[in-house]
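Visitor: Below: sequence and its predicted model.
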Amino acid sequence: MENETSDFILIPAKGGGALIRRSEIAGGRPNGGEGGIVYLKSGPSVYTTASIPQIAGYLEAEVAEVR
């Protein structure tokens with residue numbers, strides 16, 4: 001059961017949030033000062049109030065900085 005729940009993350013959004021399966025995340029990008037956009041393999045995009053570094057933290061990933 002623990003593996004089933006650890007495969008999901010809750011991404012904050014205006015008015016609530018979105019429960020997303022980690023394996024469905026295809027990518028993401030910043031969305032101005034509004035947060036970020038998470039792209040899912042199944043097609044929809046999730047607009048979030050979280051920044052890309054925050055999303056990386058939820059995924060336990062590192063953020064690459066482009067110079």
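Guide: Arrived safely. Residues are numbered from 1 along each chain as shown.
Visitor: which residues does Glu24 contact?
Guide: Contact partners of Glu24, counting by C-beta atoms under 8 Å, 6 or more residues apart in numbering, are Leu40, Lys41, Ser42. All C-beta spots, glycine's among them, are computed from the backbone N, C-alpha and C.
Visitor: Any chance of JSON lines for those, columns neighbour count?
Guide: Formatted as JSON lines, the contacts of Glu24 follow (neighbours: other C-beta atoms under 10 Å):
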{"residue": "Leu40", "neighbour count": "16"}
{"residue": "Lys41", "neighbour count": "11"}
{"residue": "Ser42", "neighbour count": "8"}
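Visitor: Now tabulate the residues you listed in a markdown table and tack on pLDDT, distance to Glu24 and secondary structure.
Guide: Below are the contacts of Glu24 laid out as a markdown table (pLDDT from 0 to 100; distance: C-beta to C-beta, whole Å; DSSP: H, G, I helix; E, B strand; the rest coil):
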| residue | pLDDT | distance to Glu24 | secondary structure |
| --- | --- | --- | --- |
| Leu40 | 95 | 5 | strand |
| Lys41 | 94 | 5 | coil |
| Ser42 | 90 | 6 | coil |
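Visitor: At which residues are the helices of this structure located?
Guide: Under the criterion DSSP state H, the chain carries helices at the ranges 2-6, 52-58.
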